[in-house]
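# Based on what follows, work out the 3D shape:
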Amino acid sequence: MLLTWIAELAEEPLALEPDDHPVEWETNTWWLSAEVEDRQALTVREVVDAFERTAALLRERVRALGHDGPATFYVWHDDQAGQLRCSTGSVGPDDLPFGGAYEPVADLGPIVADYLADEAPGWTRITDEAEEADGEEPAIRPFPVWVRDVADVEEVVEAPAGAADYAPR
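Down below sits the predicted model:
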């Protein structure tokens, strides 16, 4: 089902409102989840390819809308919710609407690998680093967000070498 849901994203309503980003967030943001058994049946390559196809279709839609500014399709693993999340916005990759630190990345494979390997979706494991913080909050690391420019209709995207060989962090 996850691959079907990813494909269907390209057909959902799409709002590109540079002067009204909350409308974009509400219309264009999606939460995707799958049961552990379903995750184990998928490969990283299958999920990455599904998102790449969706990005290509979104690029066509953005072009058809006549949008002339930036437009970015982006995907991240919300570890706390146990979901892959994605959205499209009329912003560049460095201006995504996150309240915390994130790192735009060109390689979706490691994000998908972490999601597929998550055996307890929605549960976040406390790391040794957090336990050893002696009462201090551990440093919050930026989380990776895969970004794809969907405003540039000439962009050609190639899969990274060895994309099928990803292992979770």
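
# Pull up the gap between residue 48 and residue 1, please.
To residue 1, residue 48 is 17 Å away according to C-beta to C-beta, to the nearest Å. Placement of C-beta: from N, CA and C, glycine included.

# same thing with residue 80?
Here the criterion is C-beta to C-beta. By it, residue 80 lies 22 Å from residue 1.

# Which secondary structure element of the protein has the lowest mean pLDDT?
The least trusted helix or strand in the chain, going by mean pLDDT, DSSP states H and E, turns out to be helix 128-131, with a mean of 52.

# Name the next helix or strand downstream of that one, please.
Toward the C-terminus, helix 128-131 is succeeded by strand 143-149 as the next helix or strand (DSSP states H and E).

# That following strand - contacts with which helices or strands?
Helices and strands touching strand 143-149, by 3 or more C-beta pairs under 8 Å, 6 or more residues apart in numbering; DSSP states H and E, are helix 44-65, strand 72-78, strand 102-105, helix 109-117.

# and of those, who's closest to residue 8?
Taking C-beta to C-beta, helix 44-65 is the member of those nearest to residue 8, at 8.7 Å.

# Verify the stated contact: residue 65 with residue 14.
Yes: in terms of C-beta atoms under 8 Å, residue 65 counts as a neighbour of residue 14; the distance is 7.4 Å.

# Between these two, point out the one with more neighbours.
residue 14 (19 against 12; other C-beta atoms under 10 Å).

# For the more buried one, which non-adjacent residue is closest in space?
Nearest non-adjacent residue to residue 14, counting by C-beta to C-beta, 6 or more residues apart in numbering: residue 61, 5.8 Å away.

# what does residue 147 give?
Closest to residue 147 by C-beta to C-beta, 6+ apart is residue 93, at 3.9 Å.

# count of neighbours near the one you found?
So residue 93, with other C-beta under 10 Å, has 19 neighbours.

# what sits against it?
Residue 93 sits next to 72, 74, 104, 145, 147, 149 when contact means C-beta atoms under 8 Å, 6 or more residues apart in numbering.

# want to throw those into CSV with distance to residue 23, pLDDT and neighbour count?
Shown next, in CSV, are the contacts of residue 93 (distance: C-beta to C-beta, whole Å; pLDDT from 0 to 100; neighbours: other C-beta atoms under 10 Å):
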residue, distance to residue 23, pLDDT, neighbour count
72, 16, 98, 23
74, 17, 98, 25
104, 23, 98, 16
145, 21, 98, 22
147, 21, 98, 22
149, 21, 96, 17
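
# Look at the residue nearest to residue 147 and tell me its secondary structure.
With DSSP: H, G, I helix; E, B strand; the rest coil as the basis, residue 93 sits in coil.

# Right, I'll call it a day here.
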